[in-house]
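> I'll drop the sequence and a predicted model, then ask my questions.
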Amino acid sequence: MTGLLVVTAVPAEADAVRAGLTDHTVTVTPVGVGPAVAGAATARLLALAEAAGRPYRAVISAGVAGGFTGRAEVGDTVLGTASIAADLGAESPDGFIPVDELGMPPAMLGVGGVLPTDASLLAALRAALPAATTGPVLTVSTVTGTEASTDELRRRHPEAVAEAMEGYGVAVAAAQAGVPFAELRTISNPIGPRDRDAWRLREALAALTTAAPALR
Ligand SMILES: O=C(O)c1cccc(C(=O)CC[C@H]2O[C@@H](n3cnc4c(=O)[nH]cnc43)[C@H](O)[C@@H]2O)c1
């Protein structure tokens, strides 16, 4: 069995993780921004490792994220308890309908729109990162940028702590490969009206480096 695979969206996140690793058997690879490219690239990495007889023991989606104010603040570290495809579904006059409630055959959904984190992997990460905030992490294809959208997401997902763009894609790849999945995020900005001045990317990348020893 090979070690842990950690996938990030961009090289800067991968560099931040590598800078803090203490277990150098961990593989860290940037796979791109957004659920589709992250999922496809992760699936290929998992398949190639398995075909070579060296399957990864687990895969972690790591990187920066937006935090729901009051639940996860800028600079905080978050461990996902589940990955939720927050904009996978249908818009209707009565509001958003999640993909799992559209009445499609389950076989056509594969794994559905909510993927729980592997319990034992999460327990190990929580033991190594006791100060981390835990809760569902939303995956979106469009970064939330208005008060109305933020309020809607809070209403639909009252337990969600953060929003990012890759976790669900990585979780689907992991589920289809039968590999445990977890998501580790550090908060770079509050979710809300678009405000690039509110970004604290350097702080969030430093927090990734601080959290990296837990990846082993
Ligand atoms: O231009 C903007 O207003 C803007 C605001 C927040 C994030 C972005 C990104 O392009 C981030 C993409 C990248 O970083 C992750 N990330 C970080 N914060 C968030 C967020 O609030 N919502 C969703 N994704 C976020 C994400 O995983 C991507 O890899 C632009």
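Thanks, I have the structure now.

> Nearest residue to the middle of this structure?
For the chain, residue 167 is the residue whose C-alpha lies nearest the centre (CA atoms, centre = their mean; 3.0 Å).

> The closest residue to residue 213 other than its chain neighbours: what's it in contact with?
The shortest distance from residue 213 to any non-neighbouring residue, by CB to CB, 6 or more residues apart in numbering, is to residue 22 (4.6 Å). Any C-beta I mention is one placed from the backbone N, CA and C, and that applies to glycine too. By CB atoms under 8 Å, 6 or more residues apart in numbering, the residues touching residue 22 are 212-213, 216.

> One more pass at 10 Å, please.
Residue 22 is in contact with 212-216, counting by CB atoms under 10 Å, 6 or more residues apart in numbering.

> swap in residue 67?
73-76, 78, 133, 160-163, 185-192, 204.

> ok, so what distance separates residue 49 from the ligand?
Distance of residue 49 to the ligand, given as CB to the nearest ligand atom, to the nearest Å: 23 Å.

> Got the confidence number for that residue?
Here the pLDDT value assigned to residue 49 is 97.

> Just the pLDDT for the residue of the chain most remote from its centre.
Going by CA atoms, centre = their mean, the residue of the chain most distant from its centre is residue 93, 29.7 Å out. In this model, residue 93 is scored at 96, pLDDT.

> can you give me the helices for the chain?
Ranges of helices in the chain, per DSSP state H, are 11-20, 35-51, 106-109, 119-128, 147-156, 167-177, 201-211.

> And the longest one, what does it pack against?
Counting contacts by 3 or more CB pairs under 10 Å, 6 or more residues apart in numbering; DSSP states H and E, helix 35-51 is packed against strand 2-8, strand 27-30, strand 56-67, strand 133-139, helix 167-177.

> Try it again at 6 Å.
helix 167-177 (3 or more CB pairs under 6 Å, 6 or more residues apart in numbering; DSSP states H and E).

> restrict the contacts of residue 67 to those near the ligand?
163, 188-189, 191 (CB under 6 Å from any ligand atom).

> Out of these, list just those in strands.
Mapping these onto strands (DSSP state E) picks out 163, 188-189.

> need the residues of this protein near the ligand, please.
9, 33, 63-66, 140, 143-145, 163-166, 188-189, 191, 194, 196.

> now with 8 Å?
8-10, 13, 33-34, 63-67, 140, 143-145, 162-167, 185, 187-191, 194-196, 199, 204 (CB under 8 Å from any ligand atom).

> Narrow the contacts of residue 22 to those that are buried.
Neighbour counting with 16 or more other CB atoms under 10 Å marks 212, 214-215 as buried within these.

> Quick check: pLDDT value at residue 1.
Confidence for residue 1, expressed as pLDDT, is 58.
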